[in-house]
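Participant: Provided below for reference: sequence and predicted model.
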Amino acid sequence: MSAWLPGAPCTPSGCVVPAGAARAVPGALLRLTAVLALVITGILLLPVGRRIPADLVGRWCRWIVRAAGVRVRITGAAAPVGGLLLVANHISWLDVPLLGAVRPARMLAKAEIGRWPLAGPLVARGGVLFIDRDRLRALPGTVARITAALGEGSAVAVFPEGSTWCGRGRGSFRRAAFQAAIDAGVPVQPVRIHYRDAGGGPATAPAFVGDDTLAASLWRVVSARGLVAEVGVRPVIPPGRHPDRRALAAAAQPRGGPEREHPAGHGPVPGRAGGPDAGPGHTAVARPRAPEYGLRK
């Protein structure tokens, strides 16, 4: 792992708390089967995805989240058409279909996914853009590919934190992807994602952090009751509004809310003994690299 890579202090044992009463096993298995069936169908359709109406793709993305037993609330204006950089905070694998529900977009994903047998070529043909996170030298080429996609009128979805957080803390937005929006002369659409439990409080059960596995995260979500995904579509940032990528990234960064920005952690999580930042004297020594886009590191 390269030292320059962004990371988060969140871990399953320190941050993730089950959301209330668990669903019965048969019901959870049924939801898991439905999610997997929808995902597999989507992968098979990726090569022809650009010929599928955008509203149908958006519905399919909502169906995935609903099949997992999570209600979706989207607020704010509809995302504009044409070239668009979609940016959001990153908590869960659910974030990917949630952004697709806002506007179908080409995702930025880890290069390893493109090397998967069968699925890799299908995903690549579907328009996914890849980033080699272990090679800093490759970053300008990635930015150039994002710029080209935006210039062609595509929407590109990016999680600029570069790592998943549990939802009670957040990382700073990295600036590289914003340079692509500046170079292509396209707007930036900030999106804010929260997860809440049945009582309306912040939920960490959907988080996919640290050394968590996709199987464990999937089961935690489909077993939970009353989870709600809140997706806030913030006002679009038009091209030319900010002079450089630093200012543009700062403008797109979420502010306020139940989570707070803190590079060393976010304090103990209710329901957990301690957490990634167990007290005022705690110093983060290691920042584990969170799984991204369905991969365990």
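Facilitator: Done, it's in.

Participant: now for the helix ranked longest in the chain, which elements pack on it?
Facilitator: The helix of greatest length in the chain, counted in residues with DSSP state H as the criterion, is given as helix 25-45. Counting contacts by 3 or more CB pairs under 8 Å, 6 or more residues apart in numbering; DSSP states H and E, the secondary-structure elements packed against helix 25-45 are helix 54-67, helix 119-125, helix 214-223. Glycine gets a C-beta too; all of them are placed from N, C-alpha and C.

Participant: Can you flag the weakest of those helices by average pLDDT?
Facilitator: Note on these: helix 119-125 shows the lowest mean pLDDT, a mean of 65.

Participant: ranges for the strands of the chain?
Facilitator: Counting by DSSP state E, the chain has these strands, from start to end: 71-76, 84-88, 106-110, 129-131, 155-158, 169-170, 188-196, 228-233, 260-261.

Participant: could those strands be laid out in CSV, adding mean neighbour count and mean pLDDT?
Facilitator: Formatted as CSV, the entries for these read as follows, by neighbours: other CB atoms under 10 Å; pLDDT from 0 to 100:
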stretch, mean neighbour count, mean pLDDT
strand 71-76, 14, 94
strand 84-88, 26, 96
strand 106-110, 20, 82
strand 129-131, 20, 80
strand 155-158, 26, 93
strand 169-170, 24, 84
strand 188-196, 23, 96
strand 228-233, 19, 95
strand 260-261, 14, 50
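
Participant: Just say which of the helices and strands packed on helix 25-45 is most tucked in.
Facilitator: Among the helices and strands packed on helix 25-45, ranked by average contacts under mean count of other CB atoms under 10 Å, first place goes to helix 214-223 (a mean of 19).

Participant: Could you save the helices and strands packed on helix 25-45 as JSON lines and add columns showing distance to residue 103?
Facilitator: What follows is the helices and strands packed on helix 25-45, written out as JSON lines (distance: least, CB to CB, whole Å):
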{"stretch": "helix 54-67", "distance to residue 103": "7"}
{"stretch": "helix 119-125", "distance to residue 103": "19"}
{"stretch": "helix 214-223", "distance to residue 103": "23"}
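
Participant: quick revisit: residues in contact with the longest helix of the chain?
Facilitator: Outside of helix 25-45, the residues within contact range by CB atoms under 8 Å, 6 or more residues apart in numbering are 22-23, 52, 60, 63-64, 67-69, 119, 122-123, 218-219, 222-223.

Participant: And for the residue lying closest to residue 222 once chain neighbours are set aside, the neighbour number?
Facilitator: The shortest distance from residue 222 to any residue that is not its chain neighbour, by CB to CB, 6 or more residues apart in numbering, is 4.0 Å, and that residue is residue 31. Burial of residue 31 is recorded as 22 neighbouring residues (other CB atoms under 10 Å).

Participant: From residue 229, how far off is residue 31?
Facilitator: Note on residue 31: its distance to residue 229, by CB to CB, to the nearest Å, is 15 Å.

Participant: Can you get me the centre-to-centre distance for stretch 188-199 and its chain?
Facilitator: Here the centre of mass of C-alpha atoms in stretch 188-199, compared against the chain's by CA atoms, centre = their mean, to the nearest Å, lies 11 Å away.
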